[in-house]
Each structure stands twice: as C-alpha cells, then as structure tokens.
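# for reference, the sequence and a predicted model appear below.
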Amino acid sequence: MNKLDEKSISERLPSLKGWSFDNNKLIRNFKLDSFSDAVAFVVKIAIESEKIDHHPDIRLFGWNNVEVTLQTHNVNGITENDFKLANSINILYSNG
C-alpha cells in the first residue's frame, strides 16, 4: 500500500468528521456515555480492524474516552487503509 502525500491527506481529511492529522497519524477522540460503552466501542473497533487486517492504536482514558490513532507503520504514514478504517470507525460511533 502506497503512502499518501500531505496534499492528498489534507484534501481528504475534511470528509472524516472529527479526525485530525498530526505527526504522520490520523487521530480522533471519542466520548462515550459510560465506561462500559467505551469498552464496547473498543471491541467494535477491534472486530472491524480484524476484518480489514489493519490495526489502530487505541487508548481508553478517563472513564468514557477513547482515542484512536491510525498509521500504516510499515510506510510510517497514512495510506488508503487508514482512511478506510477511520470512516468505518466513524460509522460504528454514529450507530452507537
């Protein structure tokens, strides 16, 4: 998978509600209603990630916050897979 250049990332980023680009990574924080909702959301992300064999860094903090960081490690940057997974995560979040 080819690494996307910063121009391509900047052009596509507005289509990913809530995501930012920093230090060669896509990052988004999600706030859930409860600790159990946050853990369940992490599990949903894990299942979706396994489907496409692309795995994010996930941090559960506070009691209801989840931070997701996406990067294709073998290219040290963003690829199509990162945008695909970010979009899938947004759908999971909006579907509760």
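Received the coordinates, thanks.
# just grab the bridge partners of Val66 for me.
Here Val66 sits in beta bridges with Phe30, Leu60, as judged by DSSP bridges.
# do you know how far it is from Ala38?
Distance, Val66 to Ala38, by C-beta to C-beta, to the nearest Å: 5 Å. To be clear about C-beta, it is placed using only N, CA and C from the backbone, and glycine gets the same treatment.
# shared neighbours of those two, which are they?
Phe30, Leu32, Leu60 (C-beta atoms under 8 Å, 6 or more residues apart in numbering).
# what confidence value was assigned to the last one?
When you say that, I think you mean Leu60. On pLDDT, Leu60 comes in at 98.
# quick check: it touching Ala38?
Yes. Counting by C-beta atoms under 8 Å, Ala38 is a contact partner of Leu60 at 5.7 Å.
# those two: who's more crowded?
Ala38 (19 against 15; other C-beta atoms under 10 Å).
# wait, isn't the more buried one in contact with Trp63?
Yes. Counting by C-beta under 8 Å, Ala38 does reach Trp63; the two are 7.3 Å apart.
# between the shared contacts of Val66 and Ala38, which is closest to Leu70?
Closest approach to Leu70 among the shared contacts of Val66 and Ala38 (C-beta to C-beta): Phe30, at 13.1 Å.
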